[in-house]
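Enquirer: Generate a structure from the sequence data that follows.
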Amino acid sequence: MSNIASLLQASLQPASRKQAEQQLHALASQQGFLAHLLTLILDGSYDQSTRLAGGIYLKNISKLRWEEDDAPLPEADKAALRSQLVPAMIALSDPTVKAIRAQIAESVALIAELDFPAKWTDLIDQLILSLSKTDYSINVGVLQTAHSIFNQWRAQVRSDELFTEINFVLSRFMQPFLDLSNQTATILLSSPAPPNIAIVTQAQIILVDIFYDFTCQDLPPGIEDAHDSFFAPQTGLFQRFMSWDPAELRSDPDETQPSLPAQLKTKIFEIGELYIKLFPDQLSRSPAVEGFVQSVWELIGSNKLPGVADDSLVSQSLRFISTAIRSGYYKSLFSSRDTIASLVQGVIIPNIGLRDHEMEQFEDEPLEFIRLDLAFGGSASEVATRRQAAADVLQALVSSGYQTEATEIVGTWITSGLQQYNSNPAQNWKAKDSAIYLLTAVATEASTTQHGVTSTNALVDVVKFFSEHVYQDLQAPAGSIHEILYVDAIRFLLTFRNQLTRNQLLSVLPLLVRHLNADHYVTYTYAAITIDRILSIKKGTQLLFSQADIHDLAADLLNALLNKIEAAGPPEKVAENDHLMKCAMRIIVTARQTLTPVYQQVLQRLVTILGVIAKNPSNPNFDQYIFESISALLRFIVGGTPSTLPTFEQTLFGPFTFILQQDIDQYIPYVFQILAQMLEAHSTGVPSEYRSLLPFLLTPTCWQQKGSIPGLVKLLKAFLARDAAEMVKTGQITAVLAVIQQRLIPSKINDGWGFELLQSVVQHVPPAQLKQYFKAVVMTLLTRMQTSKTDKYVYLFSHFLLFTMAVNVDGLGPDYVISAIEEIQAQLWSQVLVNFIIPQVPKMPHKDRKVAAVGLIRMLTQSRIMLTPPSTQSWHPAFVSVIKLFSEPQYLAKSKDEEQSTGITEIDFEEQTAGYQAAYSRLAAADGAPVDPVAYVRDPQDFLGQALVKADPRVRGLLATGDEKVVQPFVQALVASGYAIQ
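Expert: Sure, this is the predicted structure:
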């Protein structure tokens, strides 16, 4: 334990980071570690960097290991830490240790998410007792901690459990909250200003945040009763703060961070917006909205707040206006033509133009410019910049019944902007930029980030505007117009891609290829984003563009993209622009076998790029897309030309071995998936290069990283399908079962992967050789059922037993499974069947119902044990569960979509949450089409009929005594269909 400080220091150095983290990981599960760590964080004799590293490590433990199955944290340590965290927060109240306090606050929130209120009943009381009448440094710490706990309610779905927690908090915290709100506001709104005005204002800002937390799900009675004290015109705290602007807190005009009063007003507008959406009746008790709208005019009308520091306040106040318009409750405020004209002139036009700092960002921080620009995808909550917020007000007018007036008024501004540009294009490019932005806003009725504009304003002809004013910029020679106008033209195409026909889109693709070769970062990146989104367009479930459409362009497109990626230089610069890599992936996925003539060069370039970024992995999205590109290239090229497989293996084995040897943990999950994909491409046998890898795959260290487990399971399944006999001969099957029994089945996170691997063992290892291990495996499964049963586990366990009885493997009949369970304890099988399997059958998802039906049918008709008393008592309930499955036959057949599915479009890469370590980064291209384990059964109902015809006479005897209302009509229907059962 004495080494903790030096290990934390070592974890900050790249050379010693990995080793230090491994040692800290091992120490963390020792008794007393958490207390030692917290003591070090609070000890001022250590330097700040060590204490901060300790705070971050504590936060990471809270996030990743608090409920860990493997090497769990001692419960006594966890309880001790819970009791010490709030006092630690108070001890870190000094502003000089703010960064350390933030880590502790986050640790409190993370642990509270899991343990509060059940295991941490005194948390709220601890916080309340820590509040001070006079020391606002302490209050800020306490309020930040409280807010970090309550803030999680905002994103949660309504449930009884959630409201129990909220009510528990409100019953204790509401009165202290209201008292402190009143006290703090009184201090700030009285004169003279207090000497500690900054820290008191910070407290007031967090109190407003907590007000939002308390009202984000429902309106608490305490806040409802105090409504007027917050919302009343002139006298309510929120209204009074709108005009509050103390000289002591005014910031320099060149400052880019919002002042404290601006932050406070922004938060109040957020609450106004929330109330319009959730509690309009409450707002209508007084002219509160009218007061807020008046405040917007007074604060931001006619561009009164031009500074960058006020961007978030201006954007949020405009969002408040948009929400009020969309709600439909305030038609009288916005319906007159004069109001709309003054809204456009006073609020929209001043904020729609590109500003100087945005132009600086365009040149100096192009990726941030793109990120903010793309954030405006259609939902108001995504508004990020002033111009987006102004455009959103315009879209609110268009979609709320003011379409004619808004279109007409804005139309004059658009015409004027275009005329201004045409009079002097070099000088007045900003006028055209604003005109295009206005047109985009007024033309959009509904849109999403993923699909672009989905419906347009009928009064605007988007295609005509594109052909008259935008297409010319798309075609313009490099350098002949301002760079922003190229970007505007490409963005227009991106936004309105659904409004253009397939042929129109195909005709602009060559122009986009040209823009991929542009010099400017934003221009070529936007070209890549647009190509990716155009190639992703679907009509119904089918992609609009196929390999034939980009046959002639694919090689040029890939070449341009890979040139840009390769030219970036150092690893972090190569990996920063994931838009380029995503576009490359999309072209590979679309072009498919078209790339066969150039696949070797493409593969080699991808591997070279991988070699560069492997030196310093820094962007999970880029990583996802490059591995997805390699996997898709492998899938389609080898699928079309199997003889290319050795080339892939020779090119990839070297880099993959390096990744495994260097333990580059971000990449290992991908490597296992692609190795599995290559091995699966061998129809029989396992080449020696793979076989030599197998001992390494079965070492415990391989299975420590959670993210690797799914890929490892996929790889071992590929080995079992091709090489099970050899694995039995060498004893490696024992190691596979050890992994299943010791690491996967006991884990609540990984039990699903354990069963998937176990199913593969059952399918491919000859039953006679599996027999010696099978009883022990079943014991492991039953032990987990007894010690830590979950709903998911009961389902997985039941499905596994049915799967084992269903698959068509010689020597693996139902009695193979049943006898193993009966050997453990007589009559145990009937208990398992009645208590677990039968209740699970109706809950089986679509994809598993056929397996369940076949497993049950084989058990009912082929098991000798089931026909021997007392097991016969559970025969009837099991037969009734089969009948219920057949009452919904649509669940037993494959849908058309499933049959046509190629697998590759199953995941839209848009939805991928690529992330390191915690999340498994699944490669969609590495997933083949799902295999039916009971493909030998074409029609389950016919299978049942035939099985009953051939069954032991005792089965007919059991059928004859079956339930008159359920069993008899079903049997008679089978007889009527031609099955000679009776």
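Enquirer: State which helix of the chain is the longest.
Expert: In the chain, taking DSSP state H as the definition, the longest helix is helix 160-189.
Enquirer: what's the next secondary structure element after that helix?
Expert: Of the helices and strands lying after helix 160-189 in sequence (DSSP states H and E), the nearest is helix 197-215.
Enquirer: list the buried ones in the very next helix or strand once past that next one?
Expert: Next along the chain after helix 197-215, taking DSSP H and E as the criterion, comes helix 221-225. For helix 221-225, a neighbour-count test (16 or more other CB atoms under 10 Å) marks Ile223 as buried. Bear in mind the C-beta positions are built from the backbone N, C-alpha and C, glycine included.
Enquirer: ok, back up a step: quick check: buried residues in the longest helix of the chain?
Expert: Quick answer for helix 160-189 (16+ other CB under 10 Å): 165-166, 169-170, 173-174, 176-178, 180-181, 184-185, 187-188.
Enquirer: Check the burial of the closest residue to Arg502 other than its chain neighbours by counting its neighbours.
Expert: Using CB to CB, 6 or more residues apart in numbering and skipping residues adjacent in sequence, the residue nearest Arg502 is Leu544, 6.0 Å away. Per other CB atoms under 10 Å, the neighbour tally for Leu544 reads 17.
Enquirer: For Leu544, what are phi and psi?
Expert: phi -70, psi -40 (degrees, to the nearest 10).
Enquirer: quick one: contacts for it?
Expert: Neighbour list for Leu544: Arg502, Leu505, Ile537, Lys538 [criterion: CB atoms under 8 Å, 6 or more residues apart in numbering].
Enquirer: Distance across stretch 233-245, terminal residue to terminal residue?
Expert: 18 Å (CA to CA, to the nearest Å).
Enquirer: do stretch 585-596 as well
Expert: Rule used - CA to CA; the end-to-end distance of stretch 585-596 is 15 Å.
Enquirer: List the contacts of it.
Expert: Contacts of stretch 585-596 (CB under 8 Å, 6+ apart): 531-532, 535-536, 543, 545-547, 549-551, 554-555, 557-558, 561, 602, 625-626, 628-629, 632-633, 636-637, 639-641, 644, 904, 909, 925.
Enquirer: what do you get for stretch 342-352?
Expert: By CB under 8 Å, 6+ apart, stretch 342-352 touches 296-297, 300-303, 314, 318, 321, 334, 386-387, 389-391, 393-394, 397, 406, 409-410, 413, 434, 437-438, 441.
Enquirer: Return the subset of those lying in helices.
Expert: Short answer: the contacts of stretch 342-352 in helices (DSSP H) are 296-297, 300, 314, 318, 321, 334, 386-387, 389-391, 393-394, 397, 406, 409-410, 413, 434, 437-438, 441.
Enquirer: filter these to the buried ones?
Expert: Buried among the ones in helices among the contacts of stretch 342-352 by 16+ other CB under 10 Å: 296-297, 300, 314, 318, 321, 334, 386-387, 389-391, 393-394, 397, 406, 409-410, 413, 434, 437-438, 441.
Enquirer: which residues touch Trp875?
Expert: Trp875 touches Leu860, Met866, Leu867, Leu958, counting by CB under 8 Å, 6+ apart.
Enquirer: secondary structure element for it?
Expert: helix 875-886.
Enquirer: Same question for Gln831.
Expert: helix 828-832.
Enquirer: can I get the CA coordinates of that helix in PDB?
Expert: Written as PDB, here are the backbone C-alpha positions of helix 828-832 (Å, rounded to 0.1, in the frame of the first residue of the first chain):
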ATOM      1  CA  LEU A 828     -34.300 -32.800 -10.200                       C
ATOM      2  CA  TRP A 829     -35.100 -32.800 -13.900                       C
ATOM      3  CA  SER A 830     -38.900 -32.400 -13.300                       C
ATOM      4  CA  GLN A 831     -38.200 -29.400 -11.000                       C
ATOM      5  CA  VAL A 832     -35.900 -27.800 -13.600                       C
END
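Enquirer: what's the weakest-modelled helix or strand in the chain?
Expert: helix 896-900 (a mean of 44; mean pLDDT, DSSP states H and E).
Enquirer: about what we covered before: filter the contacts of stretch 585-596 down to the ones in strands?
Expert: By the criterion of DSSP state E, membership of these in strands covers Leu543.
Enquirer: Which ones among the contacts of stretch 585-596 map onto helices?
Expert: 531-532, 535, 554-555, 557-558, 561, 602, 625-626, 628-629, 632-633, 636-637, 639-640.
Enquirer: now the helices for the stretch 651-800 of the chain?
Expert: 668-680, 688-691, 694-697, 709-729, 732-738, 751-764, 767-787, 791-806 (DSSP state H, counting those that start in this stretch).
Enquirer: So which bits of the helix holding Trp875 are buried?
Expert: In helix 875-886, counting by 16+ other CB under 10 Å, buried: Trp875, His876, Ala878, Phe879, Val880, Ser881, Val882, Ile883, Leu885, Phe886.
Enquirer: And for stretch 602-620?
Expert: Buried, per 16+ other CB under 10 Å, within stretch 602-620: 602-603, 605-607, 609-610, 612-614, 617, 619-620.
Enquirer: Specify which member of those is nearest to Leu40.
Expert: Pro617 (29.3 Å; CB to CB).
Enquirer: quick one: the closest one from Tyr670, how far?
Expert: Counting by CB to CB, to the nearest Å, the gap from Pro617 to Tyr670 is 11 Å.
Enquirer: before we move on, what about Arg922?
Expert: Relative to Tyr670, and taking CB to CB, Arg922 is found at 10 Å.
Enquirer: How far off centre is stretch 323-339?
Expert: 36 Å (CA atoms, centre = their mean, to the nearest Å).
Enquirer: typo on my end, it should be stretch 708-720
Expert: The answer for stretch 708-720 is 24 Å, by CA atoms, centre = their mean.
Enquirer: Using CSV, write down the CA coordinates of it.
Expert: Output of stretch 708-720 as CSV, limited to C-alpha atoms (Å, rounded to 0.1, in the frame of the first residue of the first chain):
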residue,chain,number,x,y,z
SER,A,708,-12.1,-9.2,-25.9
ILE,A,709,-14.5,-11.8,-24.7
PRO,A,710,-17.1,-11.7,-27.6
GLY,A,711,-14.3,-11.9,-30.2
LEU,A,712,-12.6,-14.7,-28.3
VAL,A,713,-15.8,-16.7,-28.1
LYS,A,714,-16.4,-16.2,-31.9
LEU,A,715,-12.8,-17.4,-32.6
LEU,A,716,-13.1,-20.4,-30.3
LYS,A,717,-16.4,-21.3,-32.0
ALA,A,718,-14.6,-21.2,-35.4
PHE,A,719,-12.0,-23.6,-33.9
LEU,A,720,-14.6,-26.0,-32.5
